[in-house]
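Chemist: next comes the sequence, and after it the predicted model I'd like to discuss.
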Amino acid sequence: MYYIEPSEVVKLTEVFGGEEATKVVKLLLEEPGLSDEELAERLGVDVKQVRKTLHRLLELSLVTYTVSFEKENGKRTFRWRLQLEQVVSTVRGQAIRIIERLKMLREFYSTNVVYWCGNASCRKLDFSIAVDHFFKCPYCGNQLQPYDPSEMLKAIDEKIAELSRLLR
Ligand SMILES: [Zn+2]
């Protein structure tokens, strides 16, 4: 059974939801029930921008709102809060999918030798393609060498460990 602390939700929204969504989520986590105008004011951004972000979060069922009417001027106010259960399960699902993809990548690079010219902008190639090109990079013409994946595997392991910690 996985569990995520609410504070970790912010960290994960950062990874999956982008900067704007993270700011809104963070603020609503601290102060549930803020209106669009209050959110815009606190974040120092245009209220239209905030509404756009809120609607995206609403489509994902990550936030919910209540509407109140002010008697004097008939103005409607939307007050927002996080659906924390939803946030946790959506974000958790994303983290699990990413871990699975990283494990597949890890599996691939631990069991296959790939060939590479060393240029960051060129793709790594599997053996049969390298043979087809006589071990010359089809993109830049440099010599292809067996690629040592140990650095990459280390980075993958670190990322998996980081995500797994969030899912503890
Ligand atoms: Zn190349």
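Modeler: Received, thanks.
Chemist: count of neighbours near Glu151?
Modeler: If you count neighbours by other C-beta atoms under 10 Å, Glu151 ends up with 9. For glycine as for every other residue, the C-beta is placed from the backbone atoms N, C-alpha and C.
Chemist: ok, it to Tyr109 distance?
Modeler: Relative to Tyr109, Glu151 is positioned 11 Å away (C-beta to C-beta, to the nearest Å).
Chemist: show me what contacts the residue of the chain positioned farthest from its centre?
Modeler: The centre of the chain is farthest from one residue, Glu72, which by C-alpha atoms, centre = their mean lies 43.5 Å away. Residues near Glu72 by C-beta atoms under 8 Å, 6 or more residues apart in numbering: none.
Chemist: using the three-state scheme, assign it.
Modeler: Here Glu72 is recorded as coil under DSSP: H, G, I helix; E, B strand; the rest coil.
Chemist: which strands or helices does whichever helix in the chain runs longest pack on?
Modeler: Longest helix in the chain, counting residues (DSSP state H): helix 84-111. For helix 84-111, the elements it packs on are helix 6-30, helix 150-166, judged by 3 or more C-beta pairs under 8 Å, 6 or more residues apart in numbering; DSSP states H and E.
Chemist: a markdown table for these, including distance to the ion and mean pLDDT?
Modeler: Shown next, in a markdown table, are those (distance: least, C-beta to the ion, whole Å; pLDDT from 0 to 100):
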| stretch | distance to the ion | mean pLDDT |
| --- | --- | --- |
| helix 6-30 | 31 | 74 |
| helix 150-166 | 17 | 87 |
